[in-house]
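Participant: Provided below are the primary sequence and the corresponding predicted coordinates.
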Amino acid sequence: MSNDLVIEAEGLVKHFGATKALQGVDLFVPRGMVLGVLGPNGAGKTTAVRILSTLLRPDAGHARIGGHDVVRDAERVRQTIGLTGQYASVDADLTGRQNLVLIGTLLDLGRAGARARAAELLGWFDLTEAADRPAKTYSGGMRRRLDLAASLVGRPEVIFLDEPTTGLDPAKREDMWEVVRSLVSDGSTVLLTTQYLEEADALADEITVIDHGRVIAHDTPDGLKRVVGGQTLEVRPSDAARLEETAAILAQVSSDSRAEEIRKGVLAVPVTDDSALTATVSRLSAAGIAVTELSLHLPSLDEVFFTLTGRPATADADESARSTEAVA
Amino acid sequence: MSTVTLTRPGTGPGPTDVRPNRRPFPLVRHSLALAKRSLIKTWRTPEALIDVTLQPALFLVIFVYIFGGAVAGSTHDYLQYLLPGILAQTIAQGAIAIGVNLNTDLEKGIFDRFRSLPIPRSAPLVGAVLGDVVRYVIVTVMTLLMGYVMGFRIATDPVQALAGCLLAVLFALSLSWVSVFIGMKARTSGAVQGIMFLLIMPLSFASNVFVPTESLPGWMQGFVGVNPLTHLVGSVRGLFLGEPIGSHVWWTLAWCVALVAVFMPLAMRAYRRKV
């Protein structure tokens, strides 16, 4: 099994002056899997990706991509990987097509090969119409797609997606998720960083949670959700007078928890069973209670961190707050 | 939006056997590909060419008609004297832009992309410098064109004149590496501009660009004697006008070699360290 780990990182340490970006991070991704690296701003996610993609050297520890060391065999690693940065790293003055052809040329696909690959990717990412416009005229979502396309020109075996949906609106986010899913179905190994548990849950086979440069949890999405308390069902009955009745139904559905009024007129209850939503709907309609709001939420990153570390997720590297309790 | 066409024809990212064989001379090929990128960017933003198009014309007009009478007694004589100097000064100032542009590029993510590709690490910088050749050729052509309109005449033959132009372009390319180095080191693109301007200003004026070296105070003549622009101007005057050329060409070439030998490695090192 261990010889089929495509991404292996052990004990990665990286300091920038007094900032301890990474303090011994291990990451393992088997072939064809998606690892979600979840953490708040400043947790060290981007630093880890930059080390794995040969842009930074670790101060200590080592990492291999497809068996090649990221420091000693950086050239081989670069032939294997595709990198999509946190901000769209395409050349805004070049057209979408020119961006992709340039990458293809740099990857030695040859003139015809680079043009053909560019056309193929533009089509796949729904950019054919905008292909010959400068990238600076693209919308945020289009730039992200072009950026992702640029990282796929060389048909990489390993793809790093550093917060691919940060700053995108929810509809565009779902589009991006579909793209990632089809990459994986093609056999790529993906390391994805994100600030959203929802995103990691939607895409990843396993999730590594990092905080202040340390791994604080590693589990499957289901396992992690069990630890952090699963989902929350929120209901707002149309008629505020029936709040009590609604609360009683919610208590039945969630079997052991009492519903709490988290906002005026909105009840929330933790649920573990995936059938809770349908059960709630049928019971509410049987009781003749109309609702104006009904939704199922995964815990936010803040809640995840609060559960794992006993304190909220914070971006600042507060030295005093960091202690051994951070190891879940 | 139909971003996702799940039938992706034969583009599976997996196997590496689709990757073609590595071809020879990667630095040359990749640098040229990246030089083309610079050219496309220049083409898209023609206003970025003002420093190499309007400036030489403007400087010729201003200096010839304002100082010509006082310095040389006749504007035509001064034009003959001054044109090689204006060429050297504006081509040197033309080298400021590359450091400014690279500094801006680094702030965006595009260099991360280049650095994650299996290409020589120096290719993005070498490519950018090579792309600037076009700008330096434009300075040279504009200066000569404007000079011709104003009455400047080359007194030698086309071969020598061409050699003079090539020497100026070569010098600007060498000076580019200073600009690239500062572009890698400075925190903002504005700082790059300021530092480069401070370097080039004394080189332009404490030289033989505007007045003969002999007319300057003795203490300054020492500096003028080693100033690379003095040697470039001396070379170009010799090659354009047939004046005695002395060792100016050799000094200019030595400066070019020295600038590249010192600042290209420094720039590369700064580039590698830039996070």
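Facilitator: Okay, I see it.

Participant: so what's the residue count around residue A:19?
Facilitator: 12 (other CB atoms under 10 Å in any protein chain shown). No exception for glycine: its C-beta is placed from N, CA and C like everyone else's.

Participant: I should have written residue A:172 there, sorry.
Facilitator: Residue A:172, neighbours per other CB under 10 Å, totals 19.

Participant: the closest residue to it other than its chain neighbours: which element?
Facilitator: Nearest residue to residue A:172, sequence neighbours excluded (CB to CB, 6 or more residues apart in numbering or on different chains): residue A:141, at 4.0 Å. Using DSSP states H and E, residue A:141 falls within helix A:140-152.

Participant: name the residues of that helix that come out as buried.
Facilitator: For helix A:140-152, the buried set under the neighbour-count rule, 16 or more other CB atoms under 10 Å in any protein chain shown, comprises A:141-152.

Participant: residues touching residue A:76, list them.
Facilitator: Applying CB atoms under 8 Å, 6 or more residues apart in numbering or on different chains to residue A:76 gives the contacts A:66, A:68.

Participant: and residue A:242, how far from chain B?
Facilitator: Between residue A:242 and chain B the distance, using CB to the nearest CB, to the nearest Å, works out to 40 Å.

Participant: give the contact list for that residue.
Facilitator: Residue A:242 touches residue A:289, counting by CB under 8 Å, 6+ apart.

Participant: picking that back up, past the helix holding residue A:141, which element shows up next along the chain?
Facilitator: That would be, after helix A:140-152 and using DSSP H and E, strand A:158-162.

Participant: so what's the residue count around whichever residue of the stretch 51-200 of chain B sits closest to chain A?
Facilitator: Nearest to chain A, among the residues of the stretch 51-200 of chain B, is residue B:109, at 2.9 Å (CB to the nearest CB). Neighbour count for residue B:109, taken as other CB under 10 Å: 20.

Participant: assign the residue nearest to it when sequence neighbours are not counted to helix, strand or coil.
Facilitator: Leaving aside its chain neighbours, residue B:109 sits nearest to residue A:89 (2.9 Å; criterion: CB to CB, 6+ apart). Three-state call for residue A:89 (DSSP: H, G, I helix; E, B strand; the rest coil): coil.

Participant: how much space separates residue A:89 from residue A:175?
Facilitator: Separation of residue A:89 from residue A:175 (CB to CB, to the nearest Å): 20 Å.

Participant: quick one, which of those two is more surrounded?
Facilitator: Set residue A:89 next to residue A:175 and count neighbours by other CB under 10 Å: residue A:89 wins out with 23 against 20.

Participant: list the residues that contact the more buried one.
Facilitator: A:147, A:150, B:108-110, B:112-113.

Participant: can you rerun that using 6 Å?
Facilitator: Residue A:89 makes contact with B:109-110, B:112-113, according to CB atoms under 6 Å, 6 or more residues apart in numbering or on different chains.

Participant: mind saving the C-alpha coords of the host helix or strand of residue B:193 as PDB?
Facilitator: Assigned by DSSP H and E, residue B:193 belongs to helix B:189-205. C-alpha atoms of helix B:189-205 as PDB (Å, rounded to 0.1, in the frame of the first residue of the first chain):
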ATOM      1  CA  SER B 189       7.400  48.800  -8.500                       C
ATOM      2  CA  GLY B 190       7.600  52.500  -7.600                       C
ATOM      3  CA  ALA B 191      10.800  51.900  -5.700                       C
ATOM      4  CA  VAL B 192      12.300  50.100  -8.600                       C
ATOM      5  CA  GLN B 193      11.600  53.100 -10.800                       C
ATOM      6  CA  GLY B 194      13.000  55.500  -8.200                       C
ATOM      7  CA  ILE B 195      16.200  53.600  -7.600                       C
ATOM      8  CA  MET B 196      16.900  53.000 -11.300                       C
ATOM      9  CA  PHE B 197      16.300  56.700 -12.100                       C
ATOM     10  CA  LEU B 198      18.800  57.700  -9.300                       C
ATOM     11  CA  LEU B 199      21.400  55.400 -10.900                       C
ATOM     12  CA  ILE B 200      20.900  56.500 -14.400                       C
ATOM     13  CA  MET B 201      20.600  60.300 -13.800                       C
ATOM     14  CA  PRO B 202      24.200  60.900 -12.700                       C
ATOM     15  CA  LEU B 203      25.400  58.500 -15.400                       C
ATOM     16  CA  SER B 204      23.600  60.600 -18.000                       C
ATOM     17  CA  PHE B 205      24.700  64.000 -16.800                       C
END
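
Participant: in three-state terms, label the closest residue to residue A:151 other than its chain neighbours for me.
Facilitator: Take residue A:151 and drop its neighbours on the chain: the residue closest to it by CB to CB, 6+ apart is residue A:82, 3.5 Å away. Three-state assignment for residue A:82 (three-state DSSP): strand.

Participant: just give me the neighbour total for residue A:82.
Facilitator: With other CB under 10 Å as criterion, residue A:82 counts 28.

Participant: show me what contacts it?
Facilitator: A:151-152, A:156, A:159.

Participant: how about the helices in the stretch 151-275 of chain B?
Facilitator: B:158-185, B:189-205, B:218-226, B:228-241, B:248-273 (DSSP state H, counting those that start in this stretch).

Participant: with the stretch 1-150 of chain B instead?
Facilitator: For the stretch 1-150 of chain B, the helices defined by DSSP H, counting those that start in this stretch cover B:26-44, B:50-72, B:75-94, B:96-107, B:110-115, B:123-131, B:133-150.

Participant: export those helices as a markdown table, with columns for mean neighbour count and distance to residue A:106.
Facilitator: Shown next, in a markdown table, are the helices of the stretch 1-150 of chain B (neighbours: other CB atoms under 10 Å in any protein chain shown; distance: least, CB to CB, whole Å):
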| stretch | mean neighbour count | distance to residue A:106 |
| --- | --- | --- |
| helix B:26-44 | 19 | 6 |
| helix B:50-72 | 17 | 28 |
| helix B:75-94 | 24 | 27 |
| helix B:96-107 | 22 | 15 |
| helix B:110-115 | 22 | 7 |
| helix B:123-131 | 23 | 8 |
| helix B:133-150 | 19 | 20 |
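
Participant: pick out the lowest-pLDDT one from the buried residues of helix A:140-152.
Facilitator: Within the buried residues of helix A:140-152, residue A:141 has the lowest pLDDT, namely 84.

Participant: was I right about it contacting residue A:171?
Facilitator: No. When contacts are counted by CB atoms under 6 Å, residue A:141 is not listed as touching residue A:171 (8.6 Å).

Participant: give me the neighbour count for residue A:269.
Facilitator: For residue A:269, using other CB under 10 Å, the count is 25.

Participant: now it: phi and psi?
Facilitator: Torsion angles at residue A:269 (phi, psi; degrees, to the nearest 10) stand at phi -150, psi 140.
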